[in-house]
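Trainee: turn this into a model:
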Amino acid sequence: MAGTREPKGMTRRGFLKAAAAVAAPVVLPSTVFGANERVGVGLLGSGGQGTGVMRGFLGQQGVQVVAVCDVQESRRNAAKSLVLCQS
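Mentor: Prediction:
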């Protein structure tokens, strides 16, 4: 932005460096790497294609379907039943 001045003592670059140094341990703690052995998946839309994709995930080791969503209650309940049967 032309004509704006940064406060003395703090530059945008300096602020970003300091923020990154503080945030990095919070965003990427050492316990994250290799901590989760399972991937949680949510299904949005359980029509023909959605159910097919969900079946593929249900057959994968290390993947857990944790949520299903569809505007049609019958499809939503069918997808829920499929997940519960595979658990």
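Trainee: distance of G40 from V63?
Mentor: 8 Å (Cβ to Cβ, to the nearest Å). For glycine as for every other residue, the C-beta is placed from the backbone atoms N, C-alpha and C.
Trainee: who's more crowded, those two?
Mentor: With neighbours defined as other Cβ atoms under 10 Å, G40 and V63 compare such that V63 has more, 14 against 10.
Trainee: that one reaches V39, doesn't it?
Mentor: Yes - the pair V63 and V39 passes the contact test of Cβ atoms under 8 Å, sitting 5.1 Å apart.
Trainee: if I pick the spatially closest residue to A67 that is not a sequence neighbour, what's in contact with it?
Mentor: Using Cβ to Cβ, 6 or more residues apart in numbering and skipping residues adjacent in sequence, the residue nearest A67 is G42, 3.9 Å away. Neighbouring residues of G42 by Cβ atoms under 8 Å, 6 or more residues apart in numbering: V65, V66, A67, V68, C69.
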